[in-house]
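A.B. asks: I would like the atomic coordinates for the input below:
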Amino acid sequence: MSLAFGASTVFILLAILIFVLLFFAAWIPLERGREMLLRPMQMLGKIRQMSEEAAETGTTVHFSPGTGGLNGQAGTAETLNGLTTLSAVARQNARTRSKLVASTNDGLTYLAAEDVSRIEYIRAGREKDYNAEKSRFISQQDRMAYMAGLNYEISDKPMAGAVFLGRFGDEYLLAGDTLARQNVPQVVGSTQVEALPLMLGTAGMDNVLLGEEVYAAPAYLDREASKLASLQAQDWLRLAIMALIILG
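C.D. replies: I've put the predicted structure just below:
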């Protein structure tokens, strides 16, 4: 039995190979201690402040990876990135012994979020501080139901901050307006154009990650060599594509 490789398959394999080579070209120096200069994204520094505030006041930090899911629906990439970001946020909360609540719009995402949070508390040596009830399953792939449930979760409850990074559409306004009216500190971001004006209006320019900036959040929060290398490889690949477009 032979496999037929079309032009599109060859192009995808070539792109993957180039990305892998770029990744290792960036990763090896970082593993050896090279510092990587990153464009300042001050809004991500506010997440640490939220964790510290939550520890001091006994309030919570509320996290949402968006309305996507892990069952092949639209938004899988954003959801996976949101879970990676949740890992970094949970690590900070575990270290400060502050409370973290994560709300999801998908059964598999809920299980993954629970696992991610528990692992970070175990790594920090504070497994006893982890409460499984802090991971919330609100709805199964229903954007409006999810935002309505999320709005209920954050309404009139003491919060040190909210981190909403993932796939959000115009339904975001339901929760975003509530956070704005309660003066809750926010760090939000989406890859969907329709959500960004609403986020800018409710959270403010200095608290919004625009488009692809959402995918950079885990690298900025963790500063791990593998994540920084992936970020740099993506930048190099973009530059290469831009050069090809100009030359073409």
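A.B. asks: Longest strand in the chain, please.
C.D. replies: strand 159-167 (DSSP state E).
A.B. asks: Tell me how far that strand lies from the chain's centre.
C.D. replies: For strand 159-167, the separation from the chain centroid amounts to 9 Å (computed by C-alpha atoms, centre = their mean, to the nearest Å).
A.B. asks: Provide the strand pairings for it, with the direction of each partner.
C.D. replies: Its sheet considered, strand 159-167 pairs with strand 60-66 (parallel), strand 186-190 (parallel) by DSSP bridges.
A.B. asks: I'd like those laid out as CSV, including mean pLDDT, mean neighbour count and distance to Thr202.
C.D. replies: In short, each C-beta sits where N, CA and C put it, glycine included. Output for those, formatted as CSV (pLDDT from 0 to 100; neighbours: other C-beta atoms under 10 Å; distance: least, C-beta to C-beta, whole Å):
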stretch, mean pLDDT, mean neighbour count, distance to Thr202
strand 60-66, 94, 28, 14
strand 186-190, 94, 27, 7
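A.B. asks: Out of these, the one nearest Gln140 is which?
C.D. replies: Gln140 sits nearest to strand 60-66 of all those, at 14.5 Å, using C-beta to C-beta.
A.B. asks: Following the chain past that closest one, name the next helix or strand.
C.D. replies: Per DSSP states H and E, the first helix or strand lying C-terminal to strand 60-66 is helix 76-96.
A.B. asks: what packs against that next one?
C.D. replies: helix 42-57, strand 60-66, strand 99-104, helix 107-123, strand 159-167, helix 213-222 (3 or more C-beta pairs under 8 Å, 6 or more residues apart in numbering; DSSP states H and E).
A.B. asks: Report the buried residues of it.
C.D. replies: Residues of helix 76-96 classed as buried: 76, 78-96 (neighbour count, 16 or more other C-beta atoms under 10 Å).
A.B. asks: Likewise for stretch 95-112?
C.D. replies: Across stretch 95-112, burial judged by 16+ other C-beta under 10 Å covers 95-96, 98-106, 109-110, 112.
A.B. asks: Tell me where the model's unsure across the protein.
C.D. replies: For the chain, the stretches flagged by pLDDT under 70 are 1-5.
A.B. asks: Skipping adjacent residues, who's closest to the most centrally placed residue in the chain in space?
C.D. replies: Centrality entry for the chain: nearest residue to the mean C-alpha point is Gly82, 3.0 Å, by C-alpha atoms, centre = their mean. Excluding its sequence neighbours, the residue lying closest to Gly82 (C-beta to C-beta, 6 or more residues apart in numbering) is Pro65, at 2.7 Å.
A.B. asks: which ones are touching the one you found?
C.D. replies: Pro65 makes contacts with Glu78, Thr79, Gly82, Leu83, Thr85, Leu86, Ala102, Thr104, Thr109, Ala113, Leu165, Gly166, as judged by C-beta atoms under 8 Å, 6 or more residues apart in numbering.
A.B. asks: Same check on Met36?
C.D. replies: Applying C-beta under 8 Å, 6+ apart, we find Met36 in contact with Leu30, Leu228, Gln232.
A.B. asks: try it again with 6 Å
C.D. replies: Taking C-beta atoms under 6 Å, 6 or more residues apart in numbering, we find Met36 in contact with Leu228.
A.B. asks: Shouldn't it be within a helix?
C.D. replies: No - going by DSSP: H, G, I helix; E, B strand; the rest coil, the assignment for Met36 is coil, not a helix.
A.B. asks: For it, give me phi and psi.
C.D. replies: Per-residue torsions, Met36: phi -110, psi 120 (degrees, to the nearest 10).
A.B. asks: Going forward, the N-terminal residue is numbered 30.
C.D. replies: OK, 30 is where the count begins now, so the last one is Met65.
A.B. asks: what's the spacing between it and Trp56?
C.D. replies: Distance, Met65 to Trp56, using C-beta to C-beta, to the nearest Å: 11 Å.
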